[in-house]
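A.B. asks: Mind folding the following:
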Amino acid sequence: MTRALVLHPDIDSGTVGPARDAALALEEAVSLAHALPDLEVVDARVVRLRKPDAGRLFGKGKREELKTAIAAAEADLVLVDGPLTPVQQRNLERDWDIKILDRTGLILEIFSDRAATREGVLQVEMAALSYQRTRLVRAWTHLERQRGGLGFVGGPGETQIEADRRAIDEQLVRLRRQLDKVVKTRTLHRAARAKVPYPIVALVGYTNAGKSTLFNRLTGAEVKAEDMLFATLDPTMRRVALPHGGPEVILSDTVGFISDLPTELVAAFRATLEEVLEADLICHVRDISHPETEAQARDVETILDSLGVAEETPRIEVWNKIDRLDATARDAALTQAARSEHVQAVSAVTGQGIEALVATMSEALAETRHLSELHLRFDDGRRRAWLYENDLVEDEQQTEDGFALTVRWTARQEARFREM
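C.D. replies: Model (predicted):
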């Protein structure tokens, strides 16, 4: 079991904010640490900084104070909840004689531990290599050994660093080729789903907002759902008839978002997250009981915008975990949600509000459909039967040479019909 000390640098930005923000950020950092197996958080603290030190982040006095805390906690690892430059990381490791991970490194470790599918493993490996490439000076211990020579140089050789950088670049090229093949397969699957006349509903949200629990509630599936950050990494899709008389849809559970999500991971997981781009309806699941639910919602919207999700794609805000609110706060949330057309307050655990959510989803999906006028010959019975099987026909009139039909369908259903 690795003993870890978690530090959240609270850097004074010159603006006055609520004092609890740093404490909540520290709490999230501790939750991230708990998401790694065999890691025990022995101490966690907020470190207030007026100005970050360029070479070591923390000033001399803070470094001495923290070195004492590390020794007292008998820690084996320090987790810094924020970005560290390669130089800062190397210098702190030398000063404290301990292994250090910054926020990006920690999230990469979690993703590496959780990746289950071939695509997930490749994406994490690419992100990790991109991250390591900038940190050869501190991460690769074999660089302390020379590649030969007569011992005139005491430290790592530039030639060795460049060789390792080239090795990483070559490995990245190989991984990209492998990932391209997987992405092509995913694209083919996506094209195949486009032929299926079922709308796609994507669940998105901040990590640990309860997406997988809601997914299980709606589908009856048993996707891993735990009170843990990034419990779900690989996307899951199910064809399901929504409960309470809802329509048949393909429901997609995606990886959770988080503030300051490493750019390496956003790039690597873009193919996975692009499932959201194909959705007919996006359900933004929020943990309404979290003190920073508004900030989390903004982080999710920022990432959706960066992915290029169309503004016209219908969205529903799902205020989850109302069962965790006290009676007064719960009543206030329910009242506020009732005033908004595209907000539903639910508890995925107890099932409260699920029926109303399904009704709202059905209405939103119905709005994405459009009317078309068709004319089919008498011998075109197969396509006519398909329209009726999928409950798309709103009106039909018999003509001298066939049938005049009025149908209401989605663009995906229309494309499937045209290909028949």
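A.B. asks: any idea which residue sits dead centre in the protein?
C.D. replies: With distances taken as CA atoms, centre = their mean, Gly256 lies nearest the centre of the chain, 2.9 Å away.
A.B. asks: distance of it from Leu203?
C.D. replies: From Gly256 over to Leu203 the distance is 10 Å, taken as CB to CB, to the nearest Å. Any C-beta I mention is one placed from the backbone N, CA and C, and that applies to glycine too.
A.B. asks: Need the overlap of contacts for the two.
C.D. replies: Lys211 (CB atoms under 8 Å, 6 or more residues apart in numbering).
A.B. asks: how deep is Glu74 tucked in, by neighbour count?
C.D. replies: 10 (other CB atoms under 10 Å).
A.B. asks: Can you give me the distance of it to Gln89?
C.D. replies: 22 Å.
A.B. asks: do Ser259 as well
C.D. replies: Distance of Ser259 to Gln89, computed by CB to CB: 21 Å.
A.B. asks: So for the two, which residue has more residues nearby?
C.D. replies: Neighbours per residue (other CB under 10 Å) separate Ser259 from Gln89, with Gln89 holding more: 23 against 17.
A.B. asks: Can you get me a residue count around the spatially closest residue to Gly82 that is not a sequence neighbour?
C.D. replies: Leaving aside its sequence neighbours, Gly82 sits nearest to Pro9 (CB to CB, 6 or more residues apart in numbering; 5.0 Å). Pro9 has 19 neighbouring residues, counting by other CB under 10 Å.
A.B. asks: Asp280 too?
C.D. replies: Asp280: 20 neighbours (other CB under 10 Å).
A.B. asks: swap in Glu311?
C.D. replies: Neighbours of Glu311 using other CB under 10 Å come to 7.
A.B. asks: wait, Pro86 sits on Tyr131?
C.D. replies: No - the criterion here is CB atoms under 8 Å, and Pro86 misses it with Tyr131 at 10.2 Å.
A.B. asks: Comparing these two, which shows the higher neighbour count?
C.D. replies: Set Pro86 next to Tyr131 and count neighbours by other CB under 10 Å: Tyr131 wins out with 19 against 14.
A.B. asks: for the stretch 51-200 of the chain, which spans come out with low pLDDT?
C.D. replies: Counting by pLDDT under 70, the stretch 51-200 of the chain has low-confidence residues at 116, 136-161, 183, 186-197.
A.B. asks: With the stretch 301-420 of the chain instead?
C.D. replies: 412.
A.B. asks: That one: helices as residue ranges?
C.D. replies: 327-338, 354-367, 381-389, 411-419 (DSSP state H, counting those that start in this stretch).
A.B. asks: and the ones you listed as CSV, adding mean neighbour count and distance to Thr104?
C.D. replies: CSV is the format used below for the helices of the stretch 301-420 of the chain (neighbours: other CB atoms under 10 Å; distance: least, CB to CB, whole Å):
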stretch, mean neighbour count, distance to Thr104
helix 327-338, 13, 34
helix 354-367, 18, 35
helix 381-389, 13, 50
helix 411-419, 15, 38
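A.B. asks: Tell me which of those lies nearest to Thr313.
C.D. replies: helix 354-367 (10.1 Å; CB to CB).
A.B. asks: could I get the closest one in PDB with only the CA atoms?
C.D. replies: What follows is helix 354-367 as a C-alpha-only set of coordinates in PDB (Å, rounded to 0.1, in the frame of the first residue of the first chain):
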ATOM      1  CA  ILE A 354     -37.500   8.900 -13.700                       C
ATOM      2  CA  GLU A 355     -41.000   8.700 -15.200                       C
ATOM      3  CA  ALA A 356     -41.100  12.500 -15.800                       C
ATOM      4  CA  LEU A 357     -37.600  12.400 -17.300                       C
ATOM      5  CA  VAL A 358     -38.600   9.700 -19.800                       C
ATOM      6  CA  ALA A 359     -41.600  11.700 -20.800                       C
ATOM      7  CA  THR A 360     -39.400  14.800 -21.400                       C
ATOM      8  CA  MET A 361     -36.900  12.700 -23.400                       C
ATOM      9  CA  SER A 362     -39.800  11.300 -25.500                       C
ATOM     10  CA  GLU A 363     -41.100  14.800 -26.200                       C
ATOM     11  CA  ALA A 364     -37.600  16.100 -27.000                       C
ATOM     12  CA  LEU A 365     -37.000  13.200 -29.500                       C
ATOM     13  CA  ALA A 366     -40.400  13.800 -31.000                       C
ATOM     14  CA  GLU A 367     -39.400  17.400 -31.700                       C
END
